[in-house]
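**Q** how would this look folded up:
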Amino acid sequence: MSEEAVVQAAEEQTAAQPTEADVNAEDVSYHAVEKEGSVTAIWEMQGPKHLRTIDPRSSEGKQILALFETAG
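**A** The predicted structure follows:
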């Protein structure tokens with residue numbers, strides 16, 4: 001097999017596989033943490049892994065909560 005054919009085969013194999021960013025973006029979910037009926041935190045999760053905690057009073061937290069309120 002020529003060097004050019006090997007490079008082309010490697011490129012085709014790489015193009016067929018989903019990138020890490022594509023896989024990671026699909027697995028991200030948000031979970032509201034409630035205490036006494038109010039949301040105290042929003043957890044950003046990737047599968048079972050906790051990525052970060054978002055304050056529900058922040059602008060990002062308000063946007064996330066608004067999306068869930070309109071979806072439900």
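**Q** What residues sit buried inside the helix or strand containing Gly61?
**A** For Gly61, the element it lies in under DSSP states H and E is helix 59-71. Neighbour-count burial for helix 59-71 flags 61, 64-65 (criterion: 16 or more other C-beta atoms under 10 Å). Where you see a C-beta, it was placed from the backbone N, CA and C, and this is true even at glycine.
**Q** can I get those residues in TSV with distance to Ala41 and pLDDT?
**A** Listed next are the buried residues of helix 59-71 as TSV, based on distance: C-beta to C-beta, whole Å; pLDDT from 0 to 100:
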residue	distance to Ala41	pLDDT
Gly61	9	96
Ile64	11	94
Leu65	11	93
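**Q** Tell me the secondary structure at Glu56.
**A** Wrong residue type there; residue 56 is Pro, not Glu. In three-state terms, and counting by DSSP: H, G, I helix; E, B strand; the rest coil, Pro56 is coil.
**Q** quick one, strands of the chain?
**A** 28-35, 38-46, 49-54 (DSSP state E).
**Q** and those as TSV, adding mean neighbour count, mean pLDDT and distance to Glu69?
**A** Output for the strands of the chain, formatted as TSV (neighbours: other C-beta atoms under 10 Å; pLDDT from 0 to 100; distance: least, C-beta to C-beta, whole Å):
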stretch	mean neighbour count	mean pLDDT	distance to Glu69
strand 28-35	12	94	11
strand 38-46	14	96	11
strand 49-54	12	96	16
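**Q** Nearest to Thr70 among those would be which one?
**A** The closest of those to Thr70 is strand 28-35. By C-beta to C-beta, the value is 14.1 Å.
**Q** ok so, going back, could you dump the helix holding Gly61 to CSV, C-alpha only?
**A** Provided in CSV are the C-alpha atoms of helix 59-71 (Å, rounded to 0.1, in the frame of the first residue of the first chain):
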residue,chain,number,x,y,z
SER,A,59,-27.9,35.1,34.7
GLU,A,60,-26.9,31.7,33.4
GLY,A,61,-28.9,30.0,36.1
LYS,A,62,-32.0,32.1,35.3
GLN,A,63,-31.7,31.2,31.6
ILE,A,64,-31.5,27.5,32.4
LEU,A,65,-34.4,27.6,34.8
ALA,A,66,-36.5,29.6,32.2
LEU,A,67,-35.8,26.9,29.6
PHE,A,68,-37.0,24.2,31.9
GLU,A,69,-40.1,26.1,33.0
THR,A,70,-41.2,26.6,29.3
ALA,A,71,-40.4,23.0,28.4
